[in-house]
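Colleague: Here you go, sequence then predicted model.
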Amino acid sequence: MNADMSYCGRTDRIVSNADLERELASVRVLFCDVEGCLTDGTKWYSEKEDIFIPFNSRDGLGLWLLEQFGVRVFFVTASIEKSIARKAHDMEISGCLYCKNSKMDEILKLCKRNQWNLNECCAVGDDWWDIEMLQECGLGVCPSDAAPAAIEVADLVTNSEGGKGAVRELADKILSAKGIETVSVLQALRNEHVVDNSLLT
């Protein structure tokens, strides 16, 4: 299997590097849990009861790049913290799905409205409430420090932990499978002053 990502779970779906590359190349939509995937699960509370969630800038740039090359990205979360909406806006992703109950229900509604095939969707999650979307989407991915129950049903596990580059690792692999090399693209975009420097820091 690919040295940069570990296979686990549904052995009937991905049994070779060719299978992995095909699945990654077919991704048109990415549904990403926030806490535990784009963050390490940490929350900071101020004396004024404001909640702050620290994000990893490498992950943010990876999601921005996916959007630039036609992969629609959505946060899927039960959290309503302002910092999540702000991060989605800063990264210029397609949107946020706020889920009070089933995340998969909201994903299905969005896919039906846009006529997206679930086989072309990738879900990233780290805990038991993500299990359904990990199972139902075409590709289910977990950070390396995800809960055992989530890892058990996932297709792939990144080398990186949640909030520490796991989503960027996946984004780079999706783009590479589509024939897009992240390093060369970023260099070209930066030279042309296309990339907002805030995305690179």
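Modeller: It's in.
Colleague: rest of the way, CA atoms for contacts and neighbours
Modeller: OK.
Colleague: center of the chain - which residue?
Modeller: Compute the mean C-alpha point of the chain, and by CA atoms, centre = their mean the closest residue is residue 32, 4.0 Å away.
Colleague: would you say it is within a strand?
Modeller: Yes - checked against DSSP: H, G, I helix; E, B strand; the rest coil, residue 32 lies within a strand.
Colleague: beta partners for it?
Modeller: Beta-bridge pairing of residue 32 under DSSP bridges involves residue 75, residue 124.
Colleague: Surely it is in contact with residue 121?
Modeller: No - using CA atoms under 8 Å, residue 32 is not in contact with residue 121; the gap is 10.6 Å.
Colleague: tally of neighbours for residue 147?
Modeller: By the criterion of other CA atoms under 10 Å, residue 147 has 15 neighbours.
Colleague: now do residue 28
Modeller: 21.
Colleague: Give me the nearest residue to it, chain neighbours excluded.
Modeller: residue 71 (4.8 Å; CA to CA, 6 or more residues apart in numbering).
Colleague: Quickly note the distance from residue 128 to residue 135.
Modeller: To residue 135, residue 128 is 11 Å away according to CA to CA, to the nearest Å.
Colleague: Specify which residue of those two has the higher count of neighbours.
Modeller: Between residue 128 and residue 135, residue 135 has the larger neighbour count (other CA under 10 Å), namely 19 against 15.
Colleague: Return the distance of the more buried one relative to residue 159.
Modeller: Look at residue 135 and residue 159: by CA to CA, they are 20 Å apart.
Colleague: Can you report how many residues lie near residue 82?
Modeller: 12.
Colleague: when you give positions from now on, start the count at 26
Modeller: Taking 26 as the first residue, the last one we looked at is residue 107.
Colleague: if I look at it, how far off is residue 138?
Modeller: Relative to residue 138, and taking CA to CA, residue 107 is found at 26 Å.
Colleague: Contact partners for the nearest residue to residue 60 once chain neighbours are set aside?
Modeller: Spatial nearest neighbour of residue 60, chain neighbours left out: residue 66 (5.0 Å); criterion: CA to CA, 6+ apart. Taking CA atoms under 8 Å, 6 or more residues apart in numbering as the contact definition, residue 66 lies against 60, 187, 188.
Colleague: Now do the phi/psi pair for residue 66.
Modeller: phi 90, psi 0 (degrees, to the nearest 10).
Colleague: would you list every one of the helices in the chain?
Modeller: Secondary structure of the chain (DSSP state H): helices located at 42-50, 82-93, 107-116, 128-139, 156-161, 173-178, 191-202, 207-216.
Colleague: Those into a markdown table, with extra columns for mean pLDDT and distance to residue 75?
Modeller: As requested, these are exported to a markdown table (pLDDT from 0 to 100; distance: least, CA to CA, whole Å):
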| stretch | mean pLDDT | distance to residue 75 |
| --- | --- | --- |
| helix 42-50 | 89 | 38 |
| helix 82-93 | 92 | 21 |
| helix 107-116 | 83 | 9 |
| helix 128-139 | 96 | 25 |
| helix 156-161 | 96 | 30 |
| helix 173-178 | 94 | 30 |
| helix 191-202 | 96 | 26 |
| helix 207-216 | 73 | 35 |
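Colleague: Nice, that's everything, thank you.
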